[in-house]
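> Provided below are the primary sequence and the corresponding predicted coordinates.
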Amino acid sequence: MSQRTRARGLAAAAALALALTACSGGSDGDEETSGLDNRTGAMEDYAAGDQFTATEPLTFSMLFSDHPNYPSQDDWLLWSEITDRTNVTLDPTLVPMSDYEQKRSLLIGAGDAPSIIAKTYPGQEDAFVSSGAILAVSDYVDLMPNYQQKVADWGLEDNIDQLRQADGKYYVLPGLHEAPWQDYTIAMRTDVLADLGLDAPTSWDEFRTTLEAIKEARPGEYPFSDRFSETYPGGNLLNMAALGFGTSAGWGYNNATWDGDAEEFVATAAMPEYKEMVEYFHDLVADGLMDPESFTQDDDSAIQKFVTGKSVAIGTNAQSVVNEYEPGLATNDPDATVAKIPFPCGPVGCVLNPVTQTENGIMINADAADSPNFVAMMQFIDWLFYSDEGQEFTKWGVEGTTFDKAADGTRTLAADVDYVGLNPSGTKHLQKDFGFAGGNFAYGGATELLWSTFSDAEVAFQESIADYDMIDLAPPAPLDEAENEQLTLIDTTLRDAVSQGTIQFILGQRDLSEWDAFVADLEGKGATQYVDVVNGARDRYVADNG
């Protein structure tokens, strides 16, 4: 088996393995929801593509993550237009983004959560399933024709199965992407590359070679000084690199990874691929190509180094280029240019993760199912979050007010509106002044809609990775409640030990000759036990489902 093929057999099990699938398909909507009598305000014949409009005025409560860069305003056009189009008024409980996860947990635990719980990433629902506090939404998706159509048309059944709990149901409605969306990569000073006659690197090996050439030309600097380490050292960088090395790490680290050759889950940090990745970054630091502060500094420090010319490469997403790097460089060096490099290929090839087709979405308070307007709420959610019209509305706003649309479907911001630098002369902002394109709603959708706000440079980046292979999703291994409790006790200790040891090896604080001792220590902290439980769950699934 080639290394590229092997990559397609490697996928991470979820941290507590609860996001792994139980039985696939077939059970969704088994609650015979067509016979529900709590249909106050519901449309009688609601179908995919229909405009949802409640038959009487309704109000739904919603937990809302309030972003500091565009805090919610009562007079946002978003709120009034939702009511005008749907006859529904949203009553948001505003929670600062920095406190959102903690406040969400407290409200759910106390039984005080609003009906619609926004900004929930798949896996975050796990903590609330056993208490019965959140709804098994898979029982009610037959009320959501737009959602069902997109899952079917975009072939997302396997992704949805990843959300199932041990009871075969799932408890979060994810954002759905038509295709995998890779946003994060490395940004580099393209003017520096041009001056040195260098092409943008396309692999981790080429990235090292490029850094070496920059180091030779600028010997007093670290060419690469990274960011996104404030909450998890190396979180973004290691998450990106792990994919091409055939393992998982950083933000995406999981204690068990499926090995397609061995046909079993293995301890992630004990994989040769994991060690190979650690050695790669150890060598970058040891050779002065990477700033050792990359794993400890805050984002502002890393950004300042980049925009003042002390570094040439930094982790990025599309908005960071537009909102942080380009303005900062323009202030310090008007001739400086920056762009995202293609997502680096690794030893197992050029690969992306199909889990990026499911984005953050919503949970629903279990009590909502007893509300007289429950069916109307599910129809409303289906239209706002999953219809083509609803997704365009929450992203672009109101045609003729915040954007215009040509006969060929091309959208342009209104002359006085700006967003992500698409219309710098605009005096109003799509997010700040109108409430659109915010993280509580505007996730998922067709690739055309996703790309519609991309700059030409970002479109070029996406096109550069369009032909990458997809790794396979991990096979089913649903845990029962006792197994979940067992692995929960192991997970945090094991995860912390892996993170700490990884950074120590990379920074040279621990010699690589001690790697075997590191792996043995992980076994003592439960790595083998963790994997055995997950493999046992996998075997049970096979026995039960064939």
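Structure's in. What do you need?
> From here on, just use CA atoms for contacts and neighbour counts.
Noted.
> need the contact list for residue 308.
Counting by Cα atoms under 8 Å, 6 or more residues apart in numbering, residue 308 makes contact with 328, 329, 332, 333.
> residues touching the last one, list them.
Residues touching residue 333, when contacts are defined by Cα under 8 Å, 6+ apart, comprise residue 308.
> So what's the predicted local confidence for it?
Residue 333 is assigned a predicted lDDT (pLDDT) of 95.
> quick one, phi/psi of it?
When quoted as degrees, to the nearest 10, the phi and psi of residue 333 stand at phi -160, psi 90.
> Check the gap between it and residue 365 for me.
Distance, residue 333 to residue 365, using Cα to Cα, to the nearest Å: 52 Å.
> so what's the backbone phi/psi at residue 93?
Main-chain dihedrals, residue 93, degrees, to the nearest 10: phi -90, psi 110.
> Tell me the secondary structure of the nearest residue to it once chain neighbours are set aside, please.
Closest residue in space to residue 93, ignoring its immediate chain neighbours: residue 63 at 4.9 Å, by Cα to Cα, 6 or more residues apart in numbering. With DSSP: H, G, I helix; E, B strand; the rest coil as the basis, residue 63 sits in strand.
> Residue 63: neighbour count?
Burial of residue 63 is recorded as 25 neighbouring residues (other Cα atoms under 10 Å).
> One more: residue 366?
Neighbour count for residue 366, taken as other Cα under 10 Å: 20.
> so where is the stretch 401-546 of the chain shaky, pLDDT-wise?
Along the stretch 401-546 of the chain, segments meeting pLDDT under 70 span 545-546.
> That one: strands as residue ranges?
For the stretch 401-546 of the chain, the strands defined by DSSP state E, counting those that start in this stretch cover 403-405, 411-413, 417-418, 428-429, 469-470.
> Highest average neighbour count across those strands: which stretch is it?
strand 417-418 (a mean of 22; mean count of other Cα atoms under 10 Å).
> Remind me what that one packs against, helices and strands.
With contacts defined as 3 or more Cα pairs under 8 Å, 6 or more residues apart in numbering; DSSP states H and E, strand 417-418 has these neighbours: strand 428-429.
> List the pairing partners of the strand it packs on within its sheet, with orientation.
strand 417-418 (parallel) (DSSP bridges).
> quick one: residue 265 is in a strand?
Yes. The assignment for residue 265 by three-state DSSP puts it in a strand.
> where does it sit relative to residue 527, distance-wise?
Counting by Cα to Cα - residue 265 and residue 527 are separated by 11 Å.
> what's the answer for residue 161, then?
To residue 527, residue 161 is 25 Å away according to Cα to Cα.
> Compare these two and say which is more crowded by neighbours.
residue 527 (25 against 21).
> contacting residues for the more buried one?
Residues counted as contacts of residue 527 (Cα under 8 Å, 6+ apart) are 255, 267, 494.
> one more time with 10 Å, if that's ok
255-256, 266-270, 487, 490-491, 494-495, 519-521 (Cα atoms under 10 Å, 6 or more residues apart in numbering).
> before we move on, what about residue 226?
186-187, 234, 236-237, 290-299, 301-303, 305-306, 311, 313-316.
> what does residue 440 give?
Contacts here follow Cα under 10 Å, 6+ apart; on that basis residue 440 touches 62-67, 117-120, 360-362, 385, 394.
> any idea how far it is from residue 73?
In terms of Cα to Cα, residue 440 sits 14 Å off from residue 73.
> same check, this time on residue 523
Taking Cα to Cα as the measure, residue 523 falls 52 Å from residue 73.
> Would you mind telling me which of these two has more residues around it?
More crowded of residue 523 and residue 73, by other Cα under 10 Å: residue 523, with 16 against 13.
> one step back: which of the contacts of residue 440 fall in helices?
Members of the contacts of residue 440 lying in helices (criterion: DSSP state H): 385, 394.
> Out of the contacts of residue 440, which comes closest to residue 469?
Minimum distance to residue 469 across the contacts of residue 440 is 23.2 Å, recorded for residue 360 (Cα to Cα).
> Do you know the pLDDT at residue 18?
Note on residue 18: pLDDT of 35.
> Oh, that last question was meant for residue 11, not what I typed.
Model confidence at residue 11, given as pLDDT, is 40.
> Closest to the centroid, which residue in the chain?
Nearest to the centroid of the C-alpha atoms of the chain, with distances taken as Cα atoms, centre = their mean, sits residue 359, at 5.4 Å.
> Give me the distance from stretch 504-518 to the chain's centre.
Here the centre of mass of C-alpha atoms in stretch 504-518, compared against the chain's by Cα atoms, centre = their mean, to the nearest Å, lies 30 Å away.
> which parts of that stretch are buried?
Using 16 or more other Cα atoms under 10 Å as the test for burial, stretch 504-518 gives 504, 505, 506, 507, 512, 515, 518.
> Dump those residues to TSV, plus distance to residue 149.
Output for the buried residues of stretch 504-518, formatted as TSV (distance: Cα to Cα, whole Å):
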residue	distance to residue 149
504	48
505	48
506	46
507	49
512	51
515	49
518	48
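> out of those, which one sits closest to residue 47?
For the buried residues of stretch 504-518, the nearest to residue 47 is residue 506 (54.3 Å; Cα to Cα).
> Leaving out chain neighbours, which residue sits closest to the closest one?
For residue 506, ignoring the flanking residues on the chain, the nearest one in space by Cα to Cα, 6+ apart is residue 282 at 3.9 Å.
> Can you name every helix or strand that the host helix or strand of that neighbour contacts?
Per DSSP states H and E, residue 282 falls inside helix 272-286. Applying 3 or more Cα pairs under 10 Å, 6 or more residues apart in numbering; DSSP states H and E, we find helix 272-286 packed against helix 204-217, helix 235-245, helix 481-507.
> which of those sits most buried?
Counting by mean count of other Cα under 10 Å, helix 235-245 has the highest mean neighbour count of those, with a mean of 23.
> Skip ahead from it and say which helix or strand is next.
Heading C-terminal from helix 235-245 (DSSP H and E), you reach strand 256-259.
> Kindly spell out which helices and strands sit in contact with that following strand.
Applying 3+ Cα pairs under 10 Å, 6+ apart, we find strand 256-259 packed against strand 10-12, strand 264-267, helix 527-545.
> The longest one relative to helix 481-507, how many degrees between them?
For helix 527-545 and helix 481-507, the angle between their directions (axes from the mean of the first three to the mean of the last three Cα atoms, to 10 degrees) works out to 140 degrees.
> picking up where we left off before, can you give me the buried ones in the helix holding residue 282?
Applying 16+ other Cα under 10 Å to helix 272-286 flags 273, 274, 275, 276, 277, 278, 279, 281, 282, 283, 284, 285 as buried.
> which residues touch residue 380?
Neighbour list for residue 380: 42-43, 51-54, 60, 86-88, 143-144, 374, 386, 390 [criterion: Cα under 10 Å, 6+ apart].
> So which of those residues is surrounded by the most neighbours?
Ranking the contacts of residue 380 using other Cα under 10 Å puts residue 386 first, with 28 neighbours.
> Touching, the residue nearest to residue 506 and residue 295? I think so.
No. Using Cα atoms under 10 Å, residue 282 is not in contact with residue 295; the gap is 12.0 Å.
> Next, show the common contact partners of the two.
Shared contacts of residue 282 and residue 295, defined by Cα under 10 Å, 6+ apart, comprise 503, 506, 507.
> pretty sure the second one is touching residue 286, no?
In this case it means residue 506. Yes. The pair residue 506 and residue 286 qualifies as a contact (Cα under 10 Å) at a distance of 8.4 Å.
> Straight-line length of stretch 344-360, end to end?
For stretch 344-360, the first-to-last residue distance is 25 Å (Cα to Cα).
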